[in-house]
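Participant: take a look and give me a structure for this.
(2 chains)
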Amino acid sequence: MLEQPLHEIESLVREAILAAQDAGDLPSFDLPTLVVDRPQREEHGDYATSAALQLAGTARMVPLRVAQAIASRIPKTDFLAQVEVAEPGFVNFTLDDGWLTRQVDEILAAGESYGNVPLGQGQKVQVEYGSANPTGPLHVGSGRNTVIGDGLANVLEAAGYEVQREYYVNDAGTQVRLFAETLYARYAQALGRDEPIPEDGYRGAYLVELGDEVARQEGERFLEMPRREAVNALYEIGLEKMLASIEDDLTMLGITYDRWFSERSLYDSGVFDHVLAMLREKDHVAERAGAVWFVSSELGDDKDNVLIRSDGEPGYLASDIAYHYDKFIRRGFDRVINVWGADHQGHVPRMKAAMRAIGVDPDSLVLIVYQLVALRRGGELVRLSKRTGDIITLREVLEEIGPDAVRFFLLGRAADSQMELDLDLAKEQSSENPVYYVQYAHARTASILRYAQGTDFSDGDVSLLGHPAELALIRQMLRLPEVVEKAATSLSPHYLPYYAQDLAGAFHPFYKQCRVVSSVPEDMPLNKARLKLVAAAKIVLARVLALMGVSGPESM
RNA sequence: GCCCCUAUAGCUCAGCCAGGAUAGAGCAGUGGUUUCCUAAACCAUGUGUCGCAGGUUCGAAUCCUGCUAGGGGUACCA
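Facilitator: From the prediction side, this is the model:
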């Protein structure tokens, strides 16, 4: 498989600078990080470096002369047609047309693996995402979480990491207990009892339905047992049903996990006690006012935090430390990436401190904090809360807009950006979603290949390609590995939808301008070459769609 | 109060990490395109105090400081 031109050029530039230094054309200095990237304007070539501008100061030379010193030492290669110096000191690189067309064969040979890059070297990475409390249906915010997490996991896999996808099930602690208490009340109400829901209970209608359902299925038997026992039993039933519903929603979104990790299991397996003892032993713990505190202020946090509350219940920080101990120490992940909503950002310094406390490099724990999704309905801002029951469920949006559009929309923004989703507007405009533009390009490739069934184009000669629209398409196809690498390095899956649009945006004009399956017999050689190009384009479109978790339809 | 994120075209957003060449895309708007592979397409066209004010630099949307506005956090909830 081909080395990426970008990296090739980086080495060529580096070697050119070193050679120029040896020859005395450039003074000697240590090389900074050299940046080669894609210029904004087409006439500046495929790649460009501003290295000369960067170095002009240290070299005490005019930038243009530095650029010339570099450009003149870039050797002739098969993939570069042109190396140019441009004002005020850029070196621009243009890919060779013949080399470009040959990449079509390379992509066909690579097949589904096209786009993979050898970055991770098999490092073990866990991506934990979703992880909404199993106390209610998933809302749109969880949708953003899972779409980012899953997209990231896909990209990291393509970049050569060994990725494990995990959902942390908060099946212990205050919130699920409150959930079970509420379910008990709704269940009793369904059977005609006057049972108020707890003060801070979950008010959503879904629990009324769940109470009804349990009453229908289980009858009155829970009313006959001691209340505490009944609540425990309902806890198990409710948890199972909520998890099933969450899993259903995620399946609809096309998301499956390698593992659902139970918080409760940390207590059952003894990991929790072990970690707490360890923290005590290492003197990271203090008792104050009847509670047990994690002295995180000594480990870089701005304050201490409660581990065990004065009522004897562990707080969620405590189990989270045990959970991460399990991830790093027991399961041996090299890196753990957690996707968190902005409402958890205060938890970041605590967990970093916790990593120091358990002897893990804090940098190997990466927290992707995404800004919360603000929802609007008919111009009204909707506040989301499972407890008040005011939620817009992920399922509702999935059913209205469809999983592909939801994925594309939620993935297409940087995690940092605060997005506002107007449901009414989204429903209205979902037919304008650019996802269909990309999918349509894929459907068109499929359509052409169907139409040409019976034509064996395996002997197609790609050197016949050369139409500007063909070359533009190949250029976009070649960006996939760069995009994967960039997204994996910066943990930013939002690059994918932008790239997908660029790729489709090169395919559609090609389709319009270049007739692939022509009825004129003399066109056969070109037909075959173009069929190769279409088959390769289909591979690339399918791959980028798959990385986003969006389907690639054969027809639309 | 303190901490984190954000402010770029009418709307929704890229670009900021690693400063560079006339700041980009989609949607919306306007005009046009169909003798063979799907018009969910193509072609053409307008749009900017890059929140404000300073600073650093040969060069700032990008880095630094202050300010303004919005979102989030600052619990013995998660």
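Participant: and stretch A:158-168, what's its mean pLDDT?
Facilitator: The pLDDT scores in stretch A:158-168 average 97.
Participant: does residue A:405 touch residue A:432 like I think?
Facilitator: No: using CB atoms under 8 Å, residue A:405 makes no contact with residue A:432, being 9.7 Å away. To be clear about C-beta, it is placed using only N, CA and C from the backbone, and glycine gets the same treatment.
Participant: in terms of neighbours, single out the busier of the two.
Facilitator: Between residue A:405 and residue A:432, counted using other CB atoms under 10 Å, residue A:405 has the larger neighbour count: 23 against 10.
Participant: what residues are up against the more buried one?
Facilitator: By CB atoms under 8 Å, 6 or more residues apart in numbering, the contact set of residue A:405 is A:430, A:433, A:435, A:436.
Participant: for residue A:210, give its distance to residue A:262.
Facilitator: Distance, residue A:210 to residue A:262, by CB to CB, to the nearest Å: 20 Å.
Participant: what's the burial count for whichever residue of the stretch 201-350 of chain A sits closest to RNA strand B?
Facilitator: Closest contact between the stretch 201-350 of chain A and RNA strand B, by CB to the nearest atom of the strand, is at residue A:346 (2.4 Å). Per other CB under 10 Å, the neighbour tally for residue A:346 reads 11.
Participant: per-residue pLDDT, the residue nearest to residue A:349 when sequence neighbours are not counted?
Facilitator: Excluding the flanking residues, the one nearest residue A:349 by CB to CB, 6 or more residues apart in numbering is residue A:301, at 4.5 Å. At residue A:301, the predicted lDDT confidence score is 88.
Participant: buried sites along stretch A:361-369?
Facilitator: For stretch A:361-369, burial by neighbour count (16 or more other CB atoms under 10 Å) applies to A:365, A:367, A:368, A:369.
Participant: in this structure residue A:178 contacts residue A:198, no?
Facilitator: Yes: with contacts counted by CB under 8 Å, residue A:178 reaches residue A:198, the gap being 6.2 Å.
Participant: who touches residue A:428 in this structure?
Facilitator: Listed by CB under 8 Å, 6+ apart, the contact set of residue A:428 is empty.
Participant: and it, what element?
Facilitator: Applying DSSP states H and E as the criterion places residue A:428 in helix A:423-429.
Participant: dump that helix to PDB, restricted to CA.
Facilitator: Taking C-alpha atoms only, helix A:423-429 is exported to PDB below (Å, rounded to 0.1, in the frame of the first residue of the first chain):
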ATOM      1  CA  LEU A 423     -37.100  19.700  16.700                       C
ATOM      2  CA  ASP A 424     -39.700  21.200  14.500                       C
ATOM      3  CA  LEU A 425     -37.100  22.700  12.300                       C
ATOM      4  CA  ALA A 426     -35.100  19.500  12.200                       C
ATOM      5  CA  LYS A 427     -38.200  17.600  11.100                       C
ATOM      6  CA  GLU A 428     -39.000  20.100   8.400                       C
ATOM      7  CA  GLN A 429     -35.400  20.300   7.200                       C
END
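Participant: just how off-centre is it within its chain?
Facilitator: 24 Å (CA atoms, centre = their mean, to the nearest Å).
Participant: next: stretch A:498-509.
Facilitator: 20 Å.
Participant: which residues does it contact?
Facilitator: In contact with stretch A:498-509 (CB under 8 Å, 6+ apart) are residues A:412, A:434, A:437-438, A:440-441, A:444-445, A:469, A:472-473, A:475-477, A:479-480, A:483, A:537, A:540-541, A:544-545, A:548.
Participant: likewise stretch A:42-51?
Facilitator: A:5-6, A:9, A:13, A:17, A:34-39, A:66, A:70, A:82, A:84, A:86, A:89-95, A:475.
Participant: near RNA strand B, list only the ones from those residues.
Facilitator: Applying CB under 7 Å from any atom of the strand to the contacts of stretch A:42-51, one finds that A:35, A:37, A:39, A:86, A:90, A:92 fall near RNA strand B.
Participant: tell me, how many residues neighbour the first one?
Facilitator: When neighbours are defined as other CB under 10 Å, residue A:35 has 12 of them.
Participant: next one: phi and psi at residue A:291?
Facilitator: phi -110, psi 160 (degrees, to the nearest 10).
Participant: what is the subsequent helix or strand relative to the strand or helix carrying residue A:17?
Facilitator: For residue A:17, the element it lies in under DSSP H and E is helix A:5-22. Next in sequence after helix A:5-22, counting helices and strands by DSSP H and E, comes strand A:36-37.
Participant: elements contacting that following strand?
Facilitator: helix A:5-22, strand A:47-49 (3 or more CB pairs under 8 Å, 6 or more residues apart in numbering; DSSP states H and E).
Participant: for the first one, packing partners?
Facilitator: In other words, helix A:5-22. Against helix A:5-22 (3+ CB pairs under 8 Å, 6+ apart) you get strand A:36-37, strand A:47-49, helix A:51-59, helix A:63-71, strand A:90-95.
Participant: what mean pLDDT does the shortest one get?
Facilitator: Pointing back at strand A:36-37 there. The pLDDT scores in strand A:36-37 average 92.
Participant: of the ones next to RNA strand B among the contacts of stretch A:42-51, which is the nearest to residue A:373?
Facilitator: Nearest to residue A:373 among those, counting by CB to CB, is residue A:37 at 31.4 Å.
Participant: run through the bridge partners of that closest one.
Facilitator: Here residue A:37 shows beta-bridge partners residue A:48, assigned using DSSP bridges.
Participant: residues contacting it?
Facilitator: A:6, A:47, A:48, A:49.
Participant: redo those as CSV? Include neighbour count.
Facilitator: Converted to CSV, the contacts of residue A:37 look like this (neighbours: other CB atoms under 10 Å):
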residue, neighbour count
A:6, 19
A:47, 23
A:48, 22
A:49, 24
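Participant: for RNA strand B, state which of those is nearest.
Facilitator: Distance to RNA strand B across these (CB to the nearest atom of the strand) is lowest for residue A:48, with 3.1 Å.
Participant: in stretch A:32-49, what's buried?
Facilitator: Neighbour counts over stretch A:32-49 (16+ other CB under 10 Å) mark A:34, A:36, A:39, A:44, A:45, A:46, A:47, A:48, A:49 as buried.
Participant: what's the answer for stretch A:10-30, then?
Facilitator: A:10, A:12, A:13, A:16, A:17, A:19, A:20, A:21, A:25, A:26.
Participant: most widely separated two among these?
Facilitator: A:10 and A:25, at 20.1 Å, using CB to CB across the buried residues of stretch A:10-30.
Participant: surely residue A:261 forms part of a strand?
Facilitator: Yes: Residue A:261 sits within a strand when classified using DSSP: H, G, I helix; E, B strand; the rest coil.
Participant: which residues sit in contact with it?
Facilitator: Per CB under 8 Å, 6+ apart, neighbours of residue A:261: A:166, A:167, A:168, A:169, A:323.
Participant: hmm, try it at 6 Å
Facilitator: By CB atoms under 6 Å, 6 or more residues apart in numbering, the contact list for residue A:261 reads A:166, A:168.
Participant: with the one 5 residues further on instead?
Facilitator: Listed by CB under 6 Å, 6+ apart, the contact partners of residue A:266 are A:272, A:319, A:322.
Participant: if you set the cut-off to 7 Å instead, what comes out?
Facilitator: Residues near residue A:266 by CB atoms under 7 Å, 6 or more residues apart in numbering: A:272, A:319, A:322, A:323, A:326.
Participant: count of neighbours near the third one?
Facilitator: Yep, that's residue A:322 we're talking about. 26.
Participant: what kind of secondary structure is residue A:211 in?
Facilitator: Per three-state DSSP, the secondary structure class of residue A:211 is helix.
Participant: go ahead and confirm it touches residue A:183.
Facilitator: Yes: with contact defined as CB atoms under 7 Å, residue A:211 reaches residue A:183; the gap is 6.1 Å.
Participant: would you reformat the helices and strands packed on strand A:36-37 as TSV and include mean pLDDT and distance to residue A:278?
Facilitator: Shown next, in TSV, are the helices and strands packed on strand A:36-37 (pLDDT from 0 to 100; distance: least, CB to CB, whole Å):
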stretch	mean pLDDT	distance to residue A:278
helix A:5-22	95	44
strand A:47-49	95	50
